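A.B. asks: Provided below for reference: sequence and predicted model.
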Amino acid sequence: MAIKLVIVGGVAGGATAAARARRLNEQAEIIMFERGEHISFANCGLPYYIGQVIKERDDLLVTTVEALRDRYNIDVRIFSEVTCIDRKHKQVSVKNLQTAESYQETYDKLILSPGAKPIKPNLEGINLNTVFSVRNIPDTDRIKAYIDNKKPESAVVVGGGYIGLEMAENLVERGVKTIILEMLDQVMATVDYEMAVLIHEHLKEKGVVLELENSVKAFSKKGNRTIVSTSKGYDIECDLAILSIGVKPENKLASEAGLEIGDRGGIKVDASMRTSDPDIFAVGDAVEIKDYVTGLPAIIALAGPANKQGRIAADNSMGRNSSYNGSLGTAIVKVFDMSMASTGASEKILKRNNIPYLISYTHSDSHAGYYPGAEKLSVKLIFSPDDGKVLGTQIVGKDGVDKRIDVIATAIRGGMTVFDLEELELAYAPPYSSAKDPVNIAGFVAANILKGDLKNIYWHDLGILDENETIIIDMRNKEELEKVGMVDGALHIPLNDLRKRLPELDGNKSYIPFCAVGQRSYIGHRILVQNGFQSKMFSGGFVTYSGIREKIQKLFA
């Protein structure tokens, strides 16, 4: 079939679409326009090149212009910016950025892959030569050259999202004292607060200064120093600043062409990746797609979804029927020795949209505890109160985070429940897991909640407890209390002493068993309720509580 396909933009979405289209149709004429020099590069690897973890710049290039031309017979035109779409005549206007020449190119089908651009607020001094953004290879070249040549001692990273955390780590690895300036009370806004704080402590251990609930108001220069003026009224001096505030969809071209734009600013597409024009498709960071769990519109700026969308747009542009059924937003970030991952819906998203949910916290060893090197994996599992269907998960730990988040992402895609997680048969050998994998443990606890074997109380409930009606029982051993401290006002009864001390308890009061991670408090809860006492277990134990103690005090001061 002789068809002319024009693709605007490369990288994950556009380059994937071009290669897929050629594999489907050897006769098609395929033209790709890219306004930059590089058609496909590893965006996610940019901070690691700055940090010298990735040694060679060329390793960032996923494919080259020559490779795409030679292998796939794609007419690739770099330094070429598409400035206008004439939908009536099915043609685009193109400007050659090297010669300033402009011309028109017709199309039968058009795929837009313009990506997203870094948010760059209109602040005084934001264009200083020591204030950088990280979007592409030229941006990365500038930052790396500055660090290599100037040998800066200090930096401010504005924003604590994926790129902000990765940049902070790689700056520290280069010997640069780093401050993260974040307007929220946590890093990683995509996860829930009590999970993010597990990373806060690790960042501080590595020497990163966290300036939370603070934002930049202006940049200025004082001699050779860069001054970051903050919303809290004081200035921070540094040698360079890196903006990592977030990104927004590049929707200008689509909007000016009259294509429908969603409420979140992304180009609206259907499941076939078609825009409001049936001959124009859009993919990647610029589009508004469906959240797989909630069904609500979402913008997911991740490479995995962009690649899949590119394939689907290519299929449909070449006459095949393919559908994109939404995104889970599955993601992971390395923060020094730890990892933080999430998939599906967060508690804050579900709460905001009045979607019913239940949650459980578990803290399991990454592999068999008797095998050297086991580390705790903190898992927050979010599930439906009706049928136990898994809605989302967040995991923080040092080893094995990636494996478990992928298992649960697959479970969500398969419509599985927490009862299915109980039964999953996962690979076990002492160096890799336990006979009861952390995913199984999360399923056990969640299933216990649904079966009525376990009633939980959560960290955000602690401040509203009536001390005259409710008593916290700390079931840890005396040595643990001396080492890490005790919850204020708690009654100390080690688990092994609970049965013989039941006569000391007041049957008219409610009790909250509490321990390190939740295992002993669950056993204590079962002892209490089967002996006629009212009981709710504190979910997550001291590991969860210790990170959010200050938050609880602020909430209920």
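C.D. replies: Everything's here; your move. Quantities reported herein were computed from a predicted structural model and do not represent experimental measurements.
A.B. asks: quick one: contacts of stretch 511-518?
C.D. replies: Under the contact criterion Cβ atoms under 8 Å, 6 or more residues apart in numbering, stretch 511-518 has outside partners 361-364, 376, 445, 457, 465, 470-476, 480, 487, 490, 495, 505, 520-522, 524-525, 528, 533-543, 545. Using the backbone N, CA and C atoms, a C-beta is placed for each residue, glycine as well.
A.B. asks: mind running it again at 6 Å?
C.D. replies: Contacts with stretch 511-518, where a contact means Cβ atoms under 6 Å, 6 or more residues apart in numbering, come from 363, 457, 471-476, 521, 524-525, 528, 533, 535-538, 541-543.
A.B. asks: now, those residues that are in strands?
C.D. replies: 363, 457, 471-474, 535, 537-538 (DSSP state E).
A.B. asks: for these, work out which two are farthest apart.
C.D. replies: Using Cβ to Cβ, the pair of the ones in strands among the contacts of stretch 511-518 lying farthest apart is 363 and 471, separated by 23.7 Å.
A.B. asks: give me the more crowded residue out of these two.
C.D. replies: residue 363 (22 against 16; other Cβ atoms under 10 Å).
A.B. asks: gap between the two ends of stretch 273-292?
C.D. replies: Across stretch 273-292, the terminal residues are separated by 15 Å (Cα to Cα, to the nearest Å).
A.B. asks: list the contacts of that stretch.
C.D. replies: 13, 87, 109-116, 249-250, 259-260, 262, 264, 266-269, 297-299, 301, 306, 309-310, 312-313, 317, 324, 326-328.
A.B. asks: now do the buried residues in that stretch.
C.D. replies: For stretch 273-292, a neighbour-count test (16 or more other Cβ atoms under 10 Å) marks 273-277, 280-292 as buried.
A.B. asks: cool, and stretch 398-411?
C.D. replies: 398-401, 403-405, 407-409, 411.
A.B. asks: and what of stretch 381-394?
C.D. replies: Buried positions in stretch 381-394, judged by neighbour count with 16+ other Cβ under 10 Å: 381-384, 388-394.
A.B. asks: now these in TSV, with distance to residue 509?
C.D. replies: Shown next, in TSV, are the buried residues of stretch 381-394 (distance: Cβ to Cβ, whole Å):
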residue	distance to residue 509
381	30
382	31
383	30
384	32
388	31
389	36
390	35
391	34
392	35
393	35
394	34
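A.B. asks: in strands, which of these fall?
C.D. replies: 381-383, 390-394.
A.B. asks: centroid residue for this structure?
C.D. replies: residue 331 (4.7 Å; Cα atoms, centre = their mean).
A.B. asks: for that one, phi and psi?
C.D. replies: phi -150, psi 160 (degrees, to the nearest 10).
A.B. asks: pLDDT score for it?
C.D. replies: Here the pLDDT value assigned to residue 331 is 96.
A.B. asks: go on, the one 4 residues further on?
C.D. replies: In the prediction, the pLDDT value recorded for residue 335 is 96.
A.B. asks: any idea how far residue 211 is from it?
C.D. replies: 17 Å (Cβ to Cβ, to the nearest Å).
A.B. asks: check residue 299 too.
C.D. replies: Residue 299 is 27 Å from residue 211, by Cβ to Cβ.
A.B. asks: same deal with residue 520?
C.D. replies: 38 Å.
A.B. asks: am I right that residue 399 sits in a strand?
C.D. replies: No - looking at residue 399 with DSSP: H, G, I helix; E, B strand; the rest coil, it is coil, so not inside a strand.
A.B. asks: pretty sure it is touching residue 375, no?
C.D. replies: Yes - under the criterion of Cβ atoms under 6 Å, residue 399 makes contact with residue 375 at 5.2 Å.
A.B. asks: overlap in contacts of those two?
C.D. replies: In contact with both residue 399 and residue 375: residue 366, using Cβ under 6 Å, 6+ apart.
A.B. asks: leaving out chain neighbours, which residue sits closest to residue 532?
C.D. replies: residue 507 (6.6 Å; Cβ to Cβ, 6 or more residues apart in numbering).
A.B. asks: need the pLDDT of that neighbour.
C.D. replies: pLDDT at residue 507 comes out at 92.
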